[in-house]
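Visitor: attaching a predicted model along with its sequence, questions to come.
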Amino acid sequence: MSAAAVGLGKMVDNKQIIFKGYIEQRAPEETDMEVKVGNKMKLEAPKGSGAILVKNLYLSCDPYMRARMRDFHGSYFPPFVPHSVVEGFGVSKIIDSDNPNFKGGEFVAGFTGWEEYTLIYKTEQLRKVEPDHRIPLSYHIGLLGMPGFTAYAGFYEVCSPKKNEYVFVSAASGAVGQLVGQLAKLHGCYVVGSAGSSAKVGLLKKELGFDDAFNYKEEGDLDAALKRYFPEGIDIYFENVGGAMLEAVLQNMRVNGRIAVCGMVSQHSMSDPDGVRNLFNLVPKRIRMQGFLQSDFLHLYPRFLEEVGSLYKQGKIKYVEDRNEGLQTGPTAFAGLFSGKNTGKQVICVAHE
């Protein structure tokens, strides 16, 4: 690839999304970020830096990013730096490289900035992506990225599923839940999901193959709803929301049930989260309730890529994206996660290949 072909060395305006400052007891809003234009940068990886310069193509909106919007350093991810570029998972194309392990023209997935171009120094966290016309590039931050691997590791390693077990997935139409449900079906389980709209319920039942689904916003009594959908109880609960849903599930778990705690999106904006009653059910029912991070299971990542990639190409699983076009849509797309506006994996398309 010639320097002239990509304009290496020239100065360009690098549009960015800036995090304005920490927020506490509320959901994120568009105004917590701002679009910055006119930030000049040179299209070049500095010599001797070991860095690569990438053009960002797709960026991932993920609920865990909410925790990075408060001044708390005890988490597995450090907080964002106020007045600095937001960062997250992305798929990018290498424009220039000062690293012998990466070449111009290659595609990578991993942490990058919410901006048009990013200099990446921590290249050890990147994964090379081989383009495959059968799998969209953006799926490498969804189906074949952190959310997909979270579903895979959480279901198989934490839930320890058995054929014919009863599985419940909350936030089932989201980036993680939609794959958990489909993997459970392929494993021979009975699967019910909850979501926040009739359209999402229809998606789960008609497109993604769930045995049943319900709109939790229309259920006045979640305990009664779960007894209706699981008259014999729940063996596996894939937890994504917390709060009242978790309380209701604890009442309806079967003996030796397993709860994989992936996230609790209903609690992300609370400095004083809801308490959970019904915990005593863990004792007589011998329930195992375990939190996990997908990074606990990275040794399984190659197997995951092969298996899930193959299932997708065979048409045995589907994946749903909610795509916003343009970097400037990032704040709106991210804020929408916390009001249920997205259906499927929320992606920002910064540029096309």
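Guide: Yep, it's here. Numbering: from 1, shown residues only.

Visitor: show me the strands in the stretch 151-300 of the chain, by range?
Guide: 166-169, 190-195, 212-215, 234-239, 253-261, 288-291 (DSSP state E, counting those that start in this stretch).

Visitor: got it, and the stretch 1-150 of the chain?
Guide: Assigned by DSSP E, counting those that start in this stretch, the strands in the stretch 1-150 of the chain fall at 11-13, 16-19, 33-36, 40-42, 52-60, 84-85, 87-97, 107-113, 117-120, 127-129.

Visitor: what strands line up against the last one, and which way round?
Guide: I take that to be strand 127-129. Looking at strand 127-129 with DSSP bridges, its partner strands are strand 107-113 (antiparallel).

Visitor: touching the partner strand from outside, list them.
Guide: Outside of strand 107-113, the residues within contact range by C-beta atoms under 8 Å, 6 or more residues apart in numbering are 16, 52, 54, 56-57, 59, 85-94, 102, 118, 120, 122, 125-131, 137, 140-141, 145. C-beta here means a position set from N, CA and C on the backbone, and glycine is covered the same way.

Visitor: quick check: Lys103 vs Ala45, distance?
Guide: In this view, Lys103 and Ala45 are 11 Å apart by C-beta to C-beta, to the nearest Å.

Visitor: where do the contact lists of these two overlap?
Guide: Counting by C-beta under 8 Å, 6+ apart, the contacts common to Lys103 and Ala45 are Ser97.

Visitor: between these two, who's got more neighbours?
Guide: Comparing Lys103 with Ala45 by neighbour count (other C-beta atoms under 10 Å), the higher total belongs to Ala45, at 24 against 13.

Visitor: got a pLDDT number for that one?
Guide: Ala45 carries a pLDDT value of 96.

Visitor: I figured Ser197 hits Gly340, correct?
Guide: Yes. Using C-beta atoms under 8 Å, Ser197 makes contact with Gly340 at a distance of 7.0 Å.

Visitor: contact partners for Gly148?
Guide: 139, 142, 175-176, 179, 304, 308, 319.

Visitor: sorry, slip of the keys, the one I care about is Lys55.
Guide: 92-93, 95, 116-117, 351.

Visitor: list just the nearest of those residues to Ala27.
Guide: Ala27 has its nearest neighbour among the contacts of Lys55 in Glu116, at 27.2 Å by C-beta to C-beta.

Visitor: what's the neighbour count on the closest residue to Asp274 other than its chain neighbours?
Guide: Nearest residue to Asp274, sequence neighbours excluded (C-beta to C-beta, 6 or more residues apart in numbering): Gly243, at 4.9 Å. Using other C-beta under 10 Å, Gly243 has 18 neighbouring residues.

Visitor: where does the stretch 151-300 of the chain have low pLDDT?
Guide: Confidence mapping of the stretch 151-300 of the chain against pLDDT under 70 gives the ranges 265-273.

Visitor: just the helices in it please.
Guide: 177-186, 198-202, 222-229, 243-252 (DSSP state H, counting those that start in this stretch).

Visitor: possible to save those helices as CSV with distance to Pro28?
Guide: Output for those, formatted as CSV (distance: least, C-beta to C-beta, whole Å):
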stretch, distance to Pro28
helix 177-186, 20
helix 198-202, 21
helix 222-229, 26
helix 243-252, 18
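
Visitor: and of the strands of the stretch 151-300 of the chain, who's closest to Thr329?
Guide: Closest among the strands of the stretch 151-300 of the chain, once you apply C-beta to C-beta, is strand 190-195, at 23.0 Å.

Visitor: so what does that closest one touch, helix or strand wise?
Guide: Strand 190-195 is packed against strand 166-169, helix 177-186, strand 212-215, with contacts defined by 3 or more C-beta pairs under 8 Å, 6 or more residues apart in numbering; DSSP states H and E.

Visitor: just name the most buried of these.
Guide: Mean neighbours per residue, mean count of other C-beta atoms under 10 Å, is largest over those for strand 166-169, with a mean of 28.

Visitor: so how far is it off the chain centroid?
Guide: 20 Å (C-alpha atoms, centre = their mean, to the nearest Å).

Visitor: ok, residues contacting that strand?
Guide: Applying C-beta under 8 Å, 6+ apart, the contact partners of strand 166-169 are 159, 161, 177, 180-181, 184, 189-194, 210, 226, 229-230, 232-238, 240, 249, 254.

Visitor: got it, and stretch 247-256?
Guide: 166, 168, 222-223, 225-227, 230, 232-235, 237, 239, 259, 276-279, 281-282, 284-288.
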